[in-house]
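**Q** following is a predicted model, sequence given first.
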Amino acid sequence: MAVIWGLDLKEMQWGKFKSGYMWNTEYHRRRTKFIVYQIAMICCVVSESLGTAVLSDYIDQQNYVSGNYPGATVYNNDFVGVASYNIFVGVYVATIFGSAFFFDLFWPERQESPAVKLAWRICSVLACVFTLASALAYTVILVTHSAIVAPDDPTSRKLLDESGGMPLTYRKNGRAVASVVFLWVGLCGTIASTVLLWRSLEYIDEFGPKSKAGRKSQEQVAKEENDVGIDDTRAT
């Protein structure tokens, strides 16, 4: 099996998703990291998905009005812009902490250079910055902004109703509100994931990837093997 970046691909086994392996305490904060990483990823991706659905509806509304009423338009670029940025955030968070999740699952004892560890730290901090920026911008636009139809006349209003009834006031859109709520939960998960990742790297630098219990177990096995070797030597 090929080895890429020092990672043996034969270690990518479905059996490692079994609870007995995935949730063991052999490695440092393994269960905590897996739970928190998934909270960050899932919540940000759900926020992204809901936002994408709302974005698509607003674009369809805009196209329907302008297509059936020459000269009329719906100005909703503020929401379209922030929802588009949130798509990037969801993908970025899922990429960084999804990678951390799978690397810890398949290669928990991998050796990483200082440059790689620095990259993990930088990328995780950027995830916090990007997610915070998205959460703040998304919240402000959702709470204070509305789409604007021009000209605002009976014909435009009729077309708005025919297009699916998307509310011009963003905060009245339930899926948009849910998207922001999930984003804030995802931000909390992203910050917690970053703290865990940094502390785990510090721990690994000092003690290695094994947890305290894992190191004790390893030492016990080594002691038993040594005792067996001594007994065999005496027997001969």
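**A** Perfect, I can see it now.
**Q** excluding its backbone neighbours, what's nearest the most centrally placed residue in the chain?
**A** The centroid of the chain falls nearest to residue 41 when counting by Cα atoms, centre = their mean (2.5 Å). Excluding the flanking residues, the one nearest residue 41 by Cβ to Cβ, 6 or more residues apart in numbering is residue 94, at 4.8 Å. Quick note: C-beta positions are derived from backbone N, CA and C, even for glycine.
**Q** hmm, back to that, quick one: the residue nearest to the centre of the chain from residue 211, how far?
**A** 23 Å (Cβ to Cβ, to the nearest Å).
**Q** residue 103 reaches residue 109, doesn't it?
**A** No. With contacts counted by Cβ atoms under 8 Å, residue 103 stays clear of residue 109, the gap being 10.9 Å.
**Q** which one of these two has more residues nearby?
**A** residue 103 (14 against 11; other Cβ atoms under 10 Å).
**Q** need the per-residue pLDDT for that one.
**A** What the model reports as pLDDT for residue 103 is 91.
**Q** check the secondary structure at the closest residue to it other than its chain neighbours for me.
**A** What sits nearest to residue 103 in space, not counting adjacent residues and going by Cβ to Cβ, 6+ apart, is residue 110, at 6.7 Å. Applying DSSP: H, G, I helix; E, B strand; the rest coil to residue 110 yields a three-state assignment of coil.
**Q** quick check, residue 110 in contact with residue 7.
**A** Yes. Using Cβ under 8 Å, residue 110 is in contact with residue 7, at 6.3 Å.
**Q** identify the contacts common to these two.
**A** residue 103 (Cβ atoms under 8 Å, 6 or more residues apart in numbering).
**Q** so, low pLDDT: which residues of the chain?
**A** Applying pLDDT under 70 to the chain flags residues 1, 5-6, 214, 217-236.
**Q** give me the distance between the residue nearest to the centre of the chain and residue 33.
**A** For residue 41 relative to residue 33 (Cβ to Cβ), the value is 12 Å.
**Q** anything in contact with each of these two?
**A** Listed as contacting both residue 41 and residue 33 by Cβ under 8 Å, 6+ apart are residue 101.
**Q** buried sites along stretch 57-65?
**A** 57-58, 61-62, 64-65 (16 or more other Cβ atoms under 10 Å).
**Q** make that stretch 8-23, sorry
**A** Buried-residue list, stretch 8-23, by 16+ other Cβ under 10 Å: empty.
**Q** what does that stretch contact?
**A** The set of residues external to stretch 8-23 that reach it, using Cβ under 8 Å, 6+ apart, is 1-3, 30-31, 34, 105-107.
**Q** just stretch 32-43 next, same as before
**A** Counting by Cβ under 8 Å, 6+ apart, 22-23, 93-94, 97-98, 100-101, 104-105, 127, 182-183, 185-186, 188-190, 192-193, 196-197, 200 sit against stretch 32-43.
**Q** could you point out the helix or strand that follows the longest helix along the chain?
**A** The residue-count maximum for a helix in the chain (DSSP state H) belongs to helix 30-68. Downstream of helix 30-68, the next assigned helix or strand under DSSP states H and E is strand 73-75.
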